[in-house]
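S.K.: Return a 3D structure for these sequence lines:
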Amino acid sequence: MQELIGRIMTATGLPEEKATKALGIVLNLIQTQGNQNKVQELFDSLPGAAELARSQGGDGAGYGGGGLLGMLAGGMMGGPLAAISKLTSAGLSMDHIKALGTTTLDYAKEKAGSQLVKEVAGSIPGLSGYV
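M.R.: This is a model prediction of the structure:
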């Protein structure tokens, strides 16, 4: 994960602590909202992703495949909207969030392949249009 955090720092200009927190939020969204079999396959290609999702991204709601976070935050788009809210609360601008997303997707495609990334993103309402 350190390589990806470094890329995020370069792309966004964020300090390491904020880049790590932001990546954790994104990974937690994927972990809690995505197709669990595909997410596991993706995270197997990204050593440290599951741990970072748990330690940095979670607030407990929705962890474990839940969709609970999505329901609490407003239904189908709740997970992505809740993640954006967490990212802005952590001090990221929309430009930071876009760079974070692009950098994370590009890295995931390098490590796990474009097809798997598309399948995971496609399983999360609101994300399929970004891959």
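
S.K.: Leu100 against Val26, yeah?
M.R.: Yes: counting by Cβ atoms under 8 Å, Val26 is a contact partner of Leu100 at 6.5 Å. From N, CA and C alone the C-beta is placed, and that goes for glycine too.

S.K.: what's the closest non-adjacent residue to Tyr107?
M.R.: Once flanking residues are discounted, Tyr107 sits nearest to Leu4: 4.8 Å by Cβ to Cβ, 6 or more residues apart in numbering.

S.K.: ok, then the element right after the lowest-mean-pLDDT helix or strand in the chain?
M.R.: Least confident helix or strand, the chain: helix 68-73 with a mean of 44, by mean pLDDT, DSSP states H and E. Beyond helix 68-73 on the C-terminal side, the first helix or strand identified by DSSP states H and E is helix 78-89.

S.K.: can you give me the mean pLDDT across that following helix?
M.R.: On average, the pLDDT along helix 78-89 is 86.

S.K.: cool, and stretch 92-110?
M.R.: pLDDT averaged over stretch 92-110 gives 96.

S.K.: next one: that stretch to chain centre, how far?
M.R.: 9 Å (Cα atoms, centre = their mean, to the nearest Å).

S.K.: Helices of the protein, start to end?
M.R.: Under the criterion DSSP state H, the chain contains helices at 2-12, 16-33, 36-44, 49-52, 68-73, 78-89, 94-112, 114-122.

S.K.: Can you convert those helices into a markdown table and add a column each for mean neighbour count?
M.R.: Shown next, in a markdown table, are the helices of the chain (neighbours: other Cβ atoms under 10 Å):
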| stretch | mean neighbour count |
| --- | --- |
| helix 2-12 | 17 |
| helix 16-33 | 23 |
| helix 36-44 | 17 |
| helix 49-52 | 20 |
| helix 68-73 | 18 |
| helix 78-89 | 19 |
| helix 94-112 | 17 |
| helix 114-122 | 17 |
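
S.K.: Local confidence estimate at the spatially most central residue of the chain?
M.R.: Nearest to the mean C-alpha position of the chain, by Cα atoms, centre = their mean, lies Val26 at 2.0 Å. Each residue has a pLDDT score; the one for Val26 is 94.

S.K.: If we ignore the residues flanking it in sequence, what's nearest it?
M.R.: Closest to Val26 by Cβ to Cβ, 6+ apart is Thr104, at 5.7 Å.
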